[in-house]
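S.K.: Provided below are the primary sequence and the corresponding predicted coordinates.
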Number of protein chains: 2
Amino acid sequence: MTTVTNADSSDSGRFDGVGVIRTKRDGGELTSGQIEDLMRAYLSGEFAEEQMSALLMAIFWRGMTAAELAPWTGAMIASGDRIDLSGLSRPSVDKHSTGGVGDKISLILVPLVAVFGAAVPQMSGRGLGHTGGTLDKLESIHGWDADLDQAALVRQLDQIGGVIVAASPELDPADRRLYALRDITATVESIPLIASSIMSKKVAEGTESLLLDVKVGVGAFMTDLDQARLLAQTMIGIGQAHGVRTAAMLTDMDTPLGRAVGNAIEVQEAIDVLSGGGPDDVRDLSVAEAEAMLQLAGLDGDPAKALADGRALDKFREMIQAQGGDLSQPLALGQTLGTVTAWRDGFVSRMDALKVGMASWRLGAGRSRPGETVSAAAGVICHAKPGERVATGQPIVELRGGDPARLQAAKAELDGAIDIGDDPPAARPLVIERIGL
Amino acid sequence: MTTVTNADSSDSGRFDGVGVIRTKRDGGELTSGQIEDLMRAYLSGEFAEEQMSALLMAIFWRGMTAAELAPWTGAMIASGDRIDLSGLSRPSVDKHSTGGVGDKISLILVPLVAVFGAAVPQMSGRGLGHTGGTLDKLESIHGWDADLDQAALVRQLDQIGGVIVAASPELDPADRRLYALRDITATVESIPLIASSIMSKKVAEGTESLLLDVKVGVGAFMTDLDQARLLAQTMIGIGQAHGVRTAAMLTDMDTPLGRAVGNAIEVQEAIDVLSGGGPDDVRDLSVAEAEAMLQLAGLDGDPAKALADGRALDKFREMIQAQGGDLSQPLALGQTLGTVTAWRDGFVSRMDALKVGMASWRLGAGRSRPGETVSAAAGVICHAKPGERVATGQPIVELRGGDPARLQAAKAELDGAIDIGDDPPAARPLVIERIGL
């Protein structure tokens, strides 16, 4: 078709927003200059929300090259503050998980890596849907405050080494606008858009190096290994383009991590691991990720030993206390509302992470839309996990919380979530693949 | 990827706009109910402009089936008035051209078909870009008024049989909103969106039958024959779904139609044809389209004879006078601003319709954005057309208008527009294909 050109707009030197959308729509590559101009025009309002949403759908369709993603992400970073950690006496390294069910690894990892002299500046988010948020979990600790100003954040990093905080509104405002638009236009599930959203925030928080934990499986955002690998590679490319040493681990999310899925009960499980106990899978993944982060930060250390000898737990207490948290107060672990019991003897052969996450969400541990409050006490405890033997009538999953009215909907989510077979399932590796490590 | 479902929105029975976008994005087919709901939500503001623009880009990508287009177009029609012509004593038949350079056929065709007892309720638009608009041309007639209320329109159809008017704002407001959005989001050039935009207006104007003139060639919106055929078939499908007997002709638009391209000079050429003279191609296409329209309306008649014996010209005068036009006043034919002359002896072997249209637009005959005024006097006269012999120095194209400052830009558009060869080019059929005739 002939494109009806509005010759005046291309003549006059004004930003040609329609031309940019058309180029992407037709599968062309945008130049750095075009991307910088369009982001400037978007932030100033000249490139309208309805134009950006059409461009986002065209990006969903056509993708973005590495050469496009670097300036796109750069413009997002430049839309707000970029924290300067260059004055720290410690090397900085952070970790980002794409989100899983029972994923309390950050609670263990941040103090564990800080033990060995790293600064871990973890800016985290609140959860949405079936995966929980690190801040939601920590907020079940009495008095703990997710909000620190930049000076306090840098001071805590320098003195303690680890910090988990809410991202400040001055960080990456372009991402907040773009995410809100993607959310209402069915353009969330696009690898370049996911990658630039994550990486713009991580680069803006100032870390020198970054470990990505890309979850793969039914309970993860990425259900397909090839897609997960592509997301990891895309994020690594963006990190490197912006001077952040970045590597990735692809890890299993078919089954919930650990036994606890919720908020306070996940904090308790993290404390168990930090105390040298806790479920094997949580401890093993924490150690593997800690080793990778130390490698990225150029530090030596034996994370398993730091879990066993109490140094990691001490560092966790320091971090929590520095942000007002009082670990002497009891956690709101909720009451038992119901259980799913074994209907036969055998081995648990499958436990669907998505369904378990949905059950926990239905009990009140997660939110449906940003800004909703979550229940500290709600959640699910997995008494038997895949590979473990059960006898008829033995509880497999316990549903906990403070609101019995939520039980029925939560239980319904668990329909078909669990298989019991004659034999234990084949063992699955927790770490599926390492990229750049 | 796992879609993060906001379970509350699907539970609550509210319109799931994101779900509709996602379905189209993933190549699925929307149900009639979904399309009716989304149009209702769009018109009420619940489905936001930025959501519609993402959906339009997804439609650009994935297309729409006939089963989707019927309710989509139906909702557009239902957004405004649908004129009722069932009380007319004459069968109604209209014609729509997708737009070409020098395309003054409607000016001849409407009175020509009305001669034989048809009612031709042509609601027309103003031009944008390099193709002129029928209303712009007629407005170069002193006193002629494009705006009639519905009662006057029906009265003129009943008494005279032909009317060319501006579409009322009460007709198809959804199309105006959608078009404005498509224009800024690079989603204009989509066959289902073009087809529904055209057909919703034509169905709303109340005609019983409709001839589509789909132009194909460098000067047309559709440059590719297969695409043009698909557009024609798509429009025919929509017309039939809404009870309008619809057929199409695919006609050539590589070369301008006739010798005059502009406003007043096209009216003059139309009058020449209505008087039994004028260029062969304009007369032949007018007769062919008139025959097709009479066939659709179930009427007999010899259009060529009505041109030769003055009945068509009389009908044209009646129509113009009924809308206040005074044909005794001279047309503003402009002055000669410049010429392009033959640089060698030979035959004109090619004349690029797009470049000629752009030159006319640069002279002031067309507009860059809606609402701009156009010059009646501006335009281009083709003194020699493909197949005609020229001698060195003989004028091929004459540029006319009232503003000499526009000459240079107009002449620049004609760079490479014309070829002169040793032999005349192979004859090209004006009517390339008929569908449903």
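M.R.: Received, thanks. Numbers count the residues shown, from 1 in each chain, chains lettered A, B, ... in the order given.
S.K.: residue A:418 is in contact with residue A:344, correct?
M.R.: No - applying Cβ atoms under 8 Å, one finds residue A:344 not in contact with residue A:418, separated by 11.2 Å. Just so you know, the C-beta spots here come from the backbone N, C-alpha and C atoms, and that holds for glycine as well.
S.K.: and for these two, which residues touch both?
M.R.: Residues touching both residue A:344 and residue A:418 (Cβ atoms under 8 Å, 6 or more residues apart in numbering or on different chains): none.
S.K.: which of those two has more neighbours?
M.R.: Using other Cβ atoms under 10 Å in any protein chain shown as the criterion, residue A:344 and residue A:418 rank with residue A:418 on top: 23 against 11.
S.K.: find the nearest non-adjacent residue to that one, please.
M.R.: For residue A:418, ignoring the flanking residues on the chain, the nearest one in space by Cβ to Cβ, 6 or more residues apart in numbering or on different chains is residue A:351 at 5.5 Å.
S.K.: what is the neighbour count of the one you found?
M.R.: Neighbour tally, residue A:351, other Cβ under 10 Å: 25.
S.K.: ditto for residue A:58
M.R.: 27.
S.K.: look at it and tell me its secondary structure.
M.R.: helix (DSSP: H, G, I helix; E, B strand; the rest coil).
S.K.: that one against residue A:25, yeah?
M.R.: Yes - counting by Cβ under 8 Å, residue A:58 touches residue A:25, with 4.5 Å between them.
S.K.: endpoints of stretch A:267-286, how far apart?
M.R.: 14 Å (Cα to Cα, to the nearest Å).
S.K.: now it, how far from the centre of its chain.
M.R.: 18 Å (Cα atoms, centre = their mean, to the nearest Å).
S.K.: got the contact list for it?
M.R.: The contact list for stretch A:267-286, computed with Cβ under 8 Å, 6+ apart, reads A:102, A:104-105, A:107-109, A:111-112, A:137-138, A:140-141, A:251, A:257-260, A:303-304, A:307-310, A:312-313, A:316, A:331, A:333, A:430-431.
S.K.: go on, stretch A:218-229?
M.R.: A:98-101, A:130-131, A:189, A:191, A:194, A:214-217, A:231, A:250, A:253-256, A:352-354, A:356-357, A:432-433, A:435, B:1-2, B:4.
S.K.: the stretch 101-250 of chain A: strands as residue ranges?
M.R.: Assigned by DSSP state E, counting those that start in this stretch, the strands in the stretch 101-250 of chain A fall at A:120-124, A:162-166, A:209-216, A:245-252.
S.K.: and the angle for the third one with strand A:245-252?
M.R.: Okay, so that is strand A:209-216. Strand A:209-216 runs at 20 degrees relative to strand A:245-252, counting by axes from the mean of the first three to the mean of the last three Cα atoms, to 10 degrees.
S.K.: elements contacting strand A:209-216?
M.R.: Contact analysis of strand A:209-216 by 3 or more Cβ pairs under 8 Å, 6 or more residues apart in numbering or on different chains; DSSP states H and E lists strand A:93-97, helix A:225-241, strand A:245-252, helix A:280-297 as its packing neighbours.
S.K.: could you give the angle of it to helix A:280-297?
M.R.: 150 degrees.
S.K.: pLDDT on strand A:209-216, on average?
M.R.: What strand A:209-216 shows for mean pLDDT is 98.
S.K.: the second one too?
M.R.: The average of the pLDDT scores along strand A:162-166 is 96.
S.K.: and it, what does it pack onto?
M.R.: helix A:105-114, strand A:120-124, helix A:134-138, helix A:150-159, helix A:311-322.
S.K.: hmm, who's touching that strand?
M.R.: A:106-107, A:110-111, A:113-114, A:119-126, A:134-135, A:138, A:146-148, A:153, A:156-157, A:315, A:319, A:322-323.
S.K.: in helices, which of the contacts of stretch A:218-229 fall?
M.R.: Among the contacts of stretch A:218-229, the subset assigned to helices under DSSP state H consists of A:191, A:194, A:231, A:353, A:354, A:356, A:357.
S.K.: top of those residues by neighbour count?
M.R.: Most neighbours among the ones in helices among the contacts of stretch A:218-229, by other Cβ under 10 Å: residue A:357, with 30 neighbours.
S.K.: surely residue A:363 meets residue A:402?
M.R.: No - contact criterion Cβ under 8 Å: residue A:363 and residue A:402 do not qualify, at 9.0 Å.
S.K.: of these two, which one has the most company?
M.R.: residue A:363 (29 against 15).
S.K.: circling back to that earlier point, most neighbours per residue, which of the helices and strands packed on strand A:209-216?
M.R.: Of the helices and strands packed on strand A:209-216, the one with the most neighbours on average (mean count of other Cβ atoms under 10 Å in any protein chain shown) is strand A:93-97, at a mean of 25.
S.K.: tell me the helices and strands packed up against that one.
M.R.: helix A:105-114, strand A:120-124, helix A:191-204, strand A:209-216, helix A:280-297.
S.K.: I'd like the next helix or strand past the least confident helix or strand in chain A by mean pLDDT.
M.R.: Across the helices and strands of chain A, mean confidence by mean pLDDT, DSSP states H and E is lowest for helix A:7-11: a mean of 42. Per DSSP states H and E, the first helix or strand lying C-terminal to helix A:7-11 is helix A:17-25.
S.K.: which residues are contacting the next helix or strand after that next one?
M.R.: Of the helices and strands lying after helix A:17-25 in sequence (DSSP H and E), the nearest is helix A:32-44. For helix A:32-44, the surrounding residues in contact (Cβ under 8 Å, 6+ apart) are A:15, A:17, A:20, A:23, A:30, A:47, A:52, A:55, A:67-68, A:70-72, A:74-76, A:79, A:174, A:177.
S.K.: cool, and stretch A:373-382?
M.R.: With Cβ under 8 Å, 6+ apart, stretch A:373-382 has contacts from A:102, A:127, A:136, A:139-140, A:256, A:258-266, A:331-335, A:351, A:356, A:359-360, A:363-367, A:396-403, A:406, A:410.
S.K.: could you identify the buried members of the contacts of stretch A:218-229?
M.R.: A:98-101, A:130-131, A:189, A:191, A:194, A:214-217, A:231, A:250, A:253-256, A:352-354, A:356-357, A:432-433, A:435, B:1-2 (16 or more other Cβ atoms under 10 Å in any protein chain shown).
S.K.: for residue A:66, what are its contacts?
M.R.: A:234, A:237, A:238, A:241.
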